[in-house]
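*Asks:* Give me coordinates for this.
(one chain, ligands or ions: 2)
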Amino acid sequence: MAEPTVRLTAGQAIIKFLQRQHSERDGRRQRVIPAICGIFGHGNVVGLAQGITEEGQELPLYQPKNEQSMVHAAIGYAKASRRLSTLACTSSIGPGATNMLTGAATATINRLPVLLFPGDTFANRRQGPVLQQLEHGIEADLTVNDAFRPLSRFFDRIARPEQLLTALPQAMRVLLDPAETGAATIALHQDVQGEAYDFPLAFFDERTWHVPRVRPDVDQLARAVELLRSCERPLVIAGGGVRYSGAEAELRQFAERFGIPVAETSAGKGSLTTSEWSVGGLGVNGTRAANALAHDADLVLCVGTRLTDFTTGSHSLFQDPGVRFVGVNTSAADAFKLSAEAVVGDAQVVLRELTAGDDGIRVESHEYRRQVQDRVAAWRSELEEDIAPRDGEPMGQGEVLKILEGEVTAGDWVVAGAGWPPGDVLKAWETPAGSRVHIEFGTSCMGHEIPSALGIRMQQGEDGEIFVLIGDGTYLMNPSELVTAVQESLKITVIVLVNGGYQSISRLAKAQAGGSIGNEFRARGTDGLLPDGDLVAVDYAAIARSMGLEAVEASTAEELTHALGEARAARGPRLIACPIAPHRSLLGSGAFWDLGVPEVSADEAVRDASAAHRQDASMQRHY
Ligand SMILES: Cc1ncc(C[n+]2csc(CCOP(=O)(O)OP(=O)(O)O)c2C)c(N)n1
Ligand SMILES: [Mg+2]
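*Replies:* Ligands and ions are numbered 1, 2, ... in the order given. Okay, the predicted model is just below:
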């Protein structure tokens, strides 16, 4: 029996298909791809763009100003939807496509789904090299889009329209697979986008992808319970997986029932709020309370974390000689890290199972509780003292953070990505109940902040405020999506921390390499070698105004509080530029971070710093 078919171009079929895909978890259903972002060029304008025109009645088109930003927006969207939904992004071939590479890497490293359609060369090759084509001397079928392969969790190149019949469903599967998700890239030859095929009608039926909550193996779970039963100083590390799984309530029950402190990673920030068992961020950007507990812990339950060097203090944080790890993760590769007893499964399910038993896994220890409370109290007072305003100095970044914290309420988001902001938010931010944090620290990608906030806004609708904390350097790298914010009335409030340059890097250089070069925004100096002359003045608020935003400068606590109040009351996006003390960083976490330090130097200070670094590195656990 011949199947009924419909004749469509590849571009039209893609759009028609995307509009029919839904994801479902816990009975809640949503579109997998509710919108598409595009910047068009010869590589996609008559192909996929025509498909949008013809078939995209239910696929709104957004027009960010840089292809990389489109992907950041998709990442923000995915994070806000707990990985159940994301945006598609289409680019032309050549530079449009390669602009998306950084976004693809950011998505894949952060385990967040994005769907990318870079345009590609002609499959028929009748034209000679098309504009922007890379001609590789030996590998004739290679194009710039092959650079997506290592950065994607799924890659395909469509040379015949009917290949979409397998490529698109596979892309959906990967996007929604909790263990495999990341960038799904489908490169589209320029000619093939417009070529037609008789697609089976059934291909365009409504489809629901049921996102699994992977149940753990009973024996793996039993071994984890055994370890939890016998430990005395347990610690939970809550990673992004807690949030993707929506396991916040289960985490709270688990921690509070058994008296186990919870430290958070950057992606997991906000997993446990306003609880006496919350000890804040862990590791290099963490709190001293969390790091001291990690130092002494005999059992570490790692939930939904990739255990990056920032989280583990480059493997130096855990110093109890008998410390054991239990890794709860949907990805087996992550669950087994640190030679953990692995429990491969969904965070919500596993935490529920661990909490469920009548006799429980352990009885809360009063002594340990007091220890946790003491450490947290000591850390809070140290931090408060450190953040306090200093006479005659501009505001410190910590003060800005605390003023913002005072203004944030349930339903709001705070976004940070690069420079000092993500570290300071992890360290000092006491997530107000019901508010959310998005720290992108898988790549700490400068330029992620504003577009990802737009993606979060698109996902969240009109509820709550979205505050973006961004350094001046990062703002200069990619302010352009402010135009998109105005164009689409996407309300975000951008707080630019003005300190004259890449001060977080400058500090690293001074501490570890004897001095900082090329990190402040300075005119060329007298010897002509370095930009180390006078500071250049930049009007950050004026940049925003030129793009149609209301923007103000806030130099004092009162001005900032007022500006934040105005921003909340406003209808559209706003920007607040805050001049801050340029060289003032927050109190250190005490955790070690491994950097490649110079082994040889003419400078004694560098030799000393290197020796001290190597000494600290001796704390690393190698297995
Ligand atoms: C795209 C990109 N390029 C380079 C870096 C390395 N880097 C990390 S932070 C930083 C400086 C950020 O400066 P700014 O936004 O002003 O923040 P500050 O350091 O002053 O807090 C740089 C260059 C990065 N993370 N991302
Ligand atoms: Mg700066």
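
*Asks:* Residue 587: what's it in contact with?
*Replies:* Shown in contact with residue 587 (CB atoms under 8 Å, 6 or more residues apart in numbering): 288, 382-383, 386, 427. No exception for glycine: its C-beta is placed from N, CA and C like everyone else's.

*Asks:* Compare these and tell me which has the most neighbours.
*Replies:* Using other CB atoms under 10 Å as the neighbour test, these are led by residue 427, with 25 neighbours.

*Asks:* I'd like the mean pLDDT over the host helix or strand of it, please.
*Replies:* Using DSSP states H and E, residue 427 maps to helix 420-428. The average pLDDT within helix 420-428 is 98.

*Asks:* how about the strands in the stretch 401-550 of the chain?
*Replies:* 413-416, 436-439, 466-471, 493-498, 550-553 (DSSP state E, counting those that start in this stretch).

*Asks:* most tightly surrounded among those?
*Replies:* Among these, strand 413-416 has the highest mean neighbour count (mean count of other CB atoms under 10 Å), at a mean of 28.

*Asks:* is it anywhere near ligand 1?
*Replies:* No. Using CB under 6 Å from any ligand atom, strand 413-416 never reaches ligand 1; the gap is at least 9.9 Å.

*Asks:* got a list of contacts for that strand?
*Replies:* Under CB under 8 Å, 6+ apart, the answer for strand 413-416 is 76, 80, 404, 408, 422, 424-425, 429, 435-440, 449, 452-453, 456, 460, 464-470.

*Asks:* Check stretch 122-130 too.
*Replies:* Residues outside stretch 122-130 that contact it (CB under 8 Å, 6+ apart) are 42, 93, 121, 135, 159-160, 189-192.

*Asks:* which of the residues you listed lies closest to residue 32?
*Replies:* Using CB to CB, residue 192 comes nearest to residue 32 of the contacts of stretch 122-130, at 23.2 Å.

*Asks:* Run through the residues that contact that closest one.
*Replies:* 10, 47, 123, 158-161.

*Asks:* do that again at 10 Å, thanks
*Replies:* 9-11, 47, 120, 122-124, 157-161, 163-164 (CB atoms under 10 Å, 6 or more residues apart in numbering).

*Asks:* What of residue 304?
*Replies:* Counted by CB under 10 Å, 6+ apart, residue 304 has contacts 111, 178, 237-245, 247, 251, 265, 267-268, 271, 327-331, 334-335, 346-348, 350-351.

*Asks:* what do you get for residue 479?
*Replies:* With CB under 10 Å, 6+ apart, residue 479 has these contacts: 65, 447, 450, 470, 494, 496, 540, 543-544, 546-547, 549, 575.

*Asks:* what's the distance between the closest residue to residue 397 other than its chain neighbours and ligand 1?
*Replies:* Leaving aside its chain neighbours, residue 397 sits nearest to residue 580 (5.3 Å; criterion: CB to CB, 6 or more residues apart in numbering). Distance, residue 580 to ligand 1, using CB to the nearest ligand atom, to the nearest Å: 9 Å.

*Asks:* Equivalent analysis for residue 463, please.
*Replies:* 28 Å.

*Asks:* number of nearby residues for that residue?
*Replies:* The number of residues packed near residue 463 is 9, by other CB under 10 Å.

*Asks:* Likewise for residue 5?
*Replies:* 13.

*Asks:* Contact partners for it?
*Replies:* Applying CB under 10 Å, 6+ apart, the residues near residue 5 are 197-203.

*Asks:* per-residue confidence for the most centrally placed residue in the chain?
*Replies:* Nearest to the mean C-alpha position of the chain, by CA atoms, centre = their mean, lies residue 440 at 2.8 Å. In this model, residue 440 is scored at 98, pLDDT.

*Asks:* before we move on, the earlier item: may I see the contacts of residue 479 organised as JSON lines, with pLDDT added?
*Replies:* Output for the contacts of residue 479, formatted as JSON lines (pLDDT from 0 to 100):
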{"residue": "65", "pLDDT": "98"}
{"residue": "447", "pLDDT": "98"}
{"residue": "450", "pLDDT": "98"}
{"residue": "470", "pLDDT": "98"}
{"residue": "494", "pLDDT": "98"}
{"residue": "496", "pLDDT": "98"}
{"residue": "540", "pLDDT": "98"}
{"residue": "543", "pLDDT": "98"}
{"residue": "544", "pLDDT": "98"}
{"residue": "546", "pLDDT": "98"}
{"residue": "547", "pLDDT": "98"}
{"residue": "549", "pLDDT": "97"}
{"residue": "575", "pLDDT": "98"}
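
*Asks:* tell me which parts of this structure are close to ligand 2?
*Replies:* 471-473, 499, 503 (CB under 5 Å from the ion).

*Asks:* Need the max-distance pair from the contacts of stretch 122-130.
*Replies:* 135 and 160 (22.9 Å).

*Asks:* Which one's more surrounded, those two?
*Replies:* residue 160 (13 against 10).

*Asks:* can you give me the helices for the stretch 151-300 of the chain?
*Replies:* In the stretch 151-300 of the chain, the helices defined using DSSP state H, counting those that start in this stretch lie at 164-176, 218-230, 240-245, 248-258, 288-296.

*Asks:* Buried deepest among those helices, which one?
*Replies:* Buried most deeply of the helices of the stretch 151-300 of the chain, by mean count of other CB under 10 Å, is helix 240-245, with a mean of 28.

*Asks:* Just the mean pLDDT for that one, thanks.
*Replies:* Mean per-residue pLDDT for helix 240-245: 98.

*Asks:* what's the offset of that helix from the middle of its chain?
*Replies:* Mean-position distance between helix 240-245 and its chain equals 12 Å (CA atoms, centre = their mean, to the nearest Å).

*Asks:* By mean pLDDT, flag the weakest helix or strand of this structure.
*Replies:* helix 604-617 (a mean of 89; mean pLDDT, DSSP states H and E).

*Asks:* Now it: buried residues?
*Replies:* By neighbour count on 16 or more other CB atoms under 10 Å, the buried set for helix 604-617 is 606-607, 609-610, 613, 616.

*Asks:* Looking at the stretch 151-300 of the chain, which residue is nearest ligand 2?
*Replies:* Going by CB to the ion, ligand 2 is nearest to residue 285 of the stretch 151-300 of the chain, at 16.4 Å.

*Asks:* ugh, wrong one, the stretch 351-500 of the chain
*Replies:* For the stretch 351-500 of the chain, CB to the ion, closest residue to ligand 2: residue 471, 3.7 Å.
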